[in-house]
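**Student:** Quick one: sequence and predicted model below, then my questions.
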There are 2 protein chains.
Amino acid sequence: MNKILILGGGGMVGQKLAKQINEANAIASTKLTLFDRAFTNNTVVAKSVTGNLADPTTATKLAADRPDVIFHLAAIVSGQAETEFNLGWNVNMMAMWHLLNALKVEHEASDYTYRPRLVFTSSIAVFGGPYPEKIDDEFLSAPQTSYGAQKASCELMVNDFSRKGIIDGLSLRLPTICVRPGKANAAASSFFSGIIREPLNGLEAILPVSDTVRHWHASPRAAARFLLHAAQLDTKMLNGRRALNLPGISCTVAEQIEALRHAAGQKAVDLIKAKPDEHIIKMVNGWPRNFLPERAIALGFEAEKSFDEIIEVYIEDDLHH
Amino acid sequence: MNKILILGGGGMVGQKLAKQINEANAIASTKLTLFDRAFTNNTVVAKSVTGNLADPTTATKLAADRPDVIFHLAAIVSGQAETEFNLGWNVNMMAMWHLLNALKVEHEASDYTYRPRLVFTSSIAVFGGPYPEKIDDEFLSAPQTSYGAQKASCELMVNDFSRKGIIDGLSLRLPTICVRPGKANAAASSFFSGIIREPLNGLEAILPVSDTVRHWHASPRAAARFLLHAAQLDTKMLNGRRALNLPGISCTVAEQIEALRHAAGQKAVDLIKAKPDEHIIKMVNGWPRNFLPERAIALGFEAEKSFDEIIEVYIEDDLHH
């Protein structure tokens, strides 16, 4: 695995992954390239390339370099894909189509020897309710957002291009990443991080939903670890089902808050202000709450063991950095 | 429902559907248009249009007529989609993308009032093994063929464009259609019809698999009825999950042969010659065997009650026609 390309390498998870690759030298003698629309805060030593993935010529150029491993993290986020319908489908679905076709051209030009590992970050948004108490590995993908439908479409393409031997891909349905460092973003899920991050930084945080809301979390460190693990996995073990529900922590907002109390005391908890937001309540109500990710666990994917641990990871990796 | 468009209207099911629309006057005062690459045996009184659905300008032209109901039956069949990878994805997936985008243009040009009913013929090929004994309505779509992946991608698009109010669509996962009239085709499933059709016509038939093979069938008449029912269904009842597993008959090849014996005696059965074909045995081994299609049944979709009835339908509708 000499050449590694991270699409969406300027994003939070992309940067975490790039650092894990560089710092831990997790993959030997690598040539790392980061691709993104723009780099606002790149702190990784690597070649960086900017461009528009929805433009087919971009995929052609990136594929021509024949990366051995491609991490595809680039996406229009859920909320934006909902309001900007064309943009969402073009970037989240059609860009994958262009990429796979560009890789097919290289596969054929190489006399069928070039067959990159493609690790695609899918999402638990491929699921739509009603849900069982725990979503198992055989539960249907019936997304109720454009973002989820686009991710699920990509999973199907990754599977079929892999089955045909053009790539060797897999799709990781990441839990909600928590605690996200930095500022709150426009995602409806932003508060799951905000209610931990802001109080740890001495700031007020808004809680827009009831504390009985249950959700599914993993840390940014775990997300980067999932991706690296996927890059090195023997995909024969996937038996042709190349989309995986990943492990995470299922907990209620009350349990998140309790973990914050353990980590930083009542003073921190007091900074959380309840301010119900009907729009967010309605969206969150349609999200998965818990999983039984037996396949991924058997394949060696490891998340945190508790939400306390997720907070520790944030404190170690991001607080005051 | 004034204007009806059948994409794939020159095909066997398209013709059956068109006849049901015309003869039974199932939908009042209709203007029926059939679209296909070519019409080799059109016996329906309707406007016929030829063209290439994979060409985006075709979708634009068809959408400009603003049909009230669109039946999308056009496809590259399973075997061909497997050998001609680009053609399969272009016709079975990208053509749907072009169509939906063309319909979106009309939706917007009509001040958001134009919102056609789109009935898409998906397939049980969206499923891939290992299977439970009966596939229920919450079983995952994990296709193991390009055809299945393409159909599943279209289901996701139909669902999301419908959720956004651009169309009002649904996807029908048809059972294997049996008894297909006419000549054997190149489909691996062709023998399921052949072992009934050829003996009823006094001809020899080849059985390439063991008679213990179990599969899922419905007649062409039932398929056309499913499509008409779907065109008139209140889609609110789908609760946002617009892909449906349809009812059918699960039976073994031995049970099919027994039904042939009831219908035409031992003389007909003697015309079936066992000739194992490893390629077909392997493919059929990966196919679904039985379903529990509770949602579709509750929504009023009706298949035959027995394989005997499926043979009767062939005798009534197609034998000696």
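**Tutor:** In hand now; what should we look at? Residues are numbered from 1 along each chain as shown, chains lettered A, B, ... in the order given.
**Student:** Could you give the backbone dihedrals for A:F120?
**Tutor:** phi -110, psi 130 (degrees, to the nearest 10).
**Student:** my guess is it contacts A:D168, does it?
**Tutor:** No - look at A:F120 against A:D168 with Cβ atoms under 8 Å: they stay out of range, at 11.8 Å. All C-beta atoms are positioned from the backbone trio N, CA, C, and that covers glycine.
**Student:** Relative to B:V69, how far out is A:A18?
**Tutor:** Applying Cβ to Cβ, to the nearest Å, the value for A:A18 to B:V69 is 51 Å.
**Student:** actually A:D137, not the one I wrote
**Tutor:** 38 Å.
**Student:** Look at the two and report which has more neighbours.
**Tutor:** Remark: of A:D137 and B:V69, B:V69 carries more neighbours, 24 against 17, as counted by other Cβ atoms under 10 Å in any protein chain shown.
**Student:** thought that one was touching B:L5?
**Tutor:** Yes - with contact defined as Cβ under 8 Å, B:V69 and B:L5 form a contacting pair (7.2 Å).
**Student:** so what's in contact with these two at the same time?
**Tutor:** Here B:V69 and B:L5 share no contacting residue, scored by Cβ atoms under 8 Å, 6 or more residues apart in numbering or on different chains.
**Student:** right, and the helix or strand after the one helix or strand A:H217 maps to?
**Tutor:** Using DSSP states H and E, A:H217 falls within strand A:214-218. Downstream of strand A:214-218, the first helix or strand assigned by DSSP H and E is helix A:220-232.
**Student:** Which strands or helices does that following helix pack on?
**Tutor:** Helix A:220-232 sits against helix A:12-23, strand A:69-72, strand A:117-123, strand A:168-174, helix A:307-317, with contacts defined as 3 or more Cβ pairs under 8 Å, 6 or more residues apart in numbering or on different chains; DSSP states H and E.
**Student:** mind checking which of these is nearest chain B?
**Tutor:** Closest to chain B of the helices and strands packed on helix A:220-232 is strand A:168-174 (Cβ to the nearest Cβ; 11.4 Å).
**Student:** follow-up on the earlier one: I'd like the average pLDDT over the strand holding A:H217.
**Tutor:** Averaging pLDDT along strand A:214-218 yields 97.
**Student:** and chain A, which residues reach chain B?
**Tutor:** Applying Cβ under 8 Å from any Cβ of the partner chain, we find that chain A lies next to chain B at A:85, A:94, A:97, A:128, A:132, A:137-144, A:146, A:149-150, A:152-153, A:156-157, A:159-160, A:163-164, A:240-241, A:243.
**Student:** follow-up on the earlier one: now render the helices and strands packed on helix A:220-232 as CSV, adding mean pLDDT.
**Tutor:** Listed next are the helices and strands packed on helix A:220-232 as CSV, based on pLDDT from 0 to 100:
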stretch, mean pLDDT
helix A:12-23, 93
strand A:69-72, 98
strand A:117-123, 97
strand A:168-174, 98
helix A:307-317, 98
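**Student:** Could you dump these into JSON lines and include distance to A:Q266?
**Tutor:** Conversion of these to JSON lines gives the following (distance: least, Cβ to Cβ, whole Å):
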{"stretch": "helix A:12-23", "distance to A:Q266": "30"}
{"stretch": "strand A:69-72", "distance to A:Q266": "41"}
{"stretch": "strand A:117-123", "distance to A:Q266": "35"}
{"stretch": "strand A:168-174", "distance to A:Q266": "32"}
{"stretch": "helix A:307-317", "distance to A:Q266": "15"}
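**Student:** B:S190 is nearest to which of these?
**Tutor:** Evaluated over those, closeness to B:S190 peaks at strand A:168-174, with 32.3 Å, by Cβ to Cβ.
**Student:** what does the helix or strand that comes right after that closest one contact?
**Tutor:** Later in the chain than strand A:168-174, the nearest helix or strand by DSSP H and E is strand A:176-177. Strand A:176-177 is contacted from outside by A:12-13, A:124, A:189, A:192-193, A:215-220, A:223, A:248, using Cβ under 8 Å, 6+ apart.
**Student:** Most neighbours of all the residues you listed, which one?
**Tutor:** A:G248 (30 neighbours).
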